[in-house]
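**Q** need coordinates for the below:
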Amino acid sequence: MTPTHEDEKYVTYPLAQRLLGVGDTVMSRLIATGELPFTEHPFDKRKKLIRISDITRLRETGVAADASMHHAIRTWMIYALIDPRDDTIHYVGRTIRLNGRLQQHLEEEVGLNKKKSQWLQDLKKLHMTPKMEALESLECKAIDAERRETYWIQYLLSIGAPLTNIRSA
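**A** Residues are numbered from 1 along each chain as shown. Predicted structure coming up:
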């Protein structure tokens with residue numbers, strides 16, 4: 001992914017990390033799972049550039065939050081994306097704003113999660129969209145919501161769900 005719009009604003013990895021208020025572990029996970037897409041710096045390929053719009057999206061969905069949100073008690077939803085063809089769960093996520101989250105999944109560019117992107121593209125070709133279902137609602141800190149999301153991923157994998165989550169290993 002390379003910058004294509006002149007109006008798109010990019011920041012460096014360290015600045016993106018500060019804007020999100022996350023540590024090295026969370027930032028590495030966001031990059032590795034494709035939740036936070038990046039592009040290489042045009043002059044120094046070792047540096048990552050991240051779009052401000054992606055940082056904003058993550059803050060809005062609760063996937064990554066600023067430092068105060070990580071410690072605040074919020075209402076989190078653990079949700080599943082379900083294939084309408086056979087009612088199988090293909091993705092588990094968490095958010096503080098369920099409304100609009102499905103649309104964000106549908107509008108995402110192909111990132112590192114190629115399995116999820118391919119599944120969504122296959123549905124789109126059939127003029128179908130996944131169903132979204134809340135699995136659990138909880139009042140907790142972000143870290144506790146992440147633990148519950150991990151629980152659901154592991155549980156669903158254990159019963160044979162064909163999850164596309166990268167972190168499902």
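
**Q** against which helices or strands is the longest helix seen in the chain packed?
**A** Longest helix in the chain, counting residues (DSSP state H): helix 142-158. Applying 3 or more CB pairs under 8 Å, 6 or more residues apart in numbering; DSSP states H and E, we find helix 142-158 packed against helix 67-71, strand 74-82, strand 89-95, strand 131-140. C-beta here means a position set from N, CA and C on the backbone, and glycine is covered the same way.

**Q** and among these, the most buried is which?
**A** Most buried of the helices and strands packed on helix 142-158, by mean neighbour count (mean count of other CB atoms under 10 Å): strand 89-95, with a mean of 23.

**Q** may I see the buried residues of the helix or strand just after that one?
**A** Counting by DSSP states H and E, the next helix or strand C-terminal to strand 89-95 is helix 101-107. Residues of helix 101-107 classed as buried: 101, 102, 104, 105 (neighbour count, 16 or more other CB atoms under 10 Å).

**Q** now for helix 101-107, which elements pack on it?
**A** Helix 101-107 packs on helix 52-61, strand 74-82, strand 89-95, helix 114-125, going by 3+ CB pairs under 8 Å, 6+ apart.

**Q** out of the ones you listed, nearest to residue 156?
**A** strand 89-95 (5.7 Å; CB to CB).

**Q** quick one: the closest one to helix 114-125, angle?
**A** Angle, strand 89-95 to helix 114-125, by axes from the mean of the first three to the mean of the last three CA atoms, to 10 degrees: 110 degrees.

**Q** pull up the pairing partners for strand 89-95, direction included.
**A** strand 74-82 (antiparallel) (DSSP bridges).

**Q** other residues contacting the partner strand?
**A** The list of residues contacting strand 74-82 from outside it, by CB atoms under 8 Å, 6 or more residues apart in numbering, reads 62, 88-96, 98, 101-102, 105, 130-142, 144-145, 148-149, 152, 156.

**Q** again, only this time at 7 Å
**A** 62, 88-96, 98, 105, 130-140, 145, 148-149, 152 (CB atoms under 7 Å, 6 or more residues apart in numbering).

**Q** sorry, back to before: would TSV of the helices and strands packed on helix 101-107 with distance to residue 45 be doable?
**A** TSV is the format used below for those (distance: least, CB to CB, whole Å):
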stretch	distance to residue 45
helix 52-61	20
strand 74-82	34
strand 89-95	31
helix 114-125	22
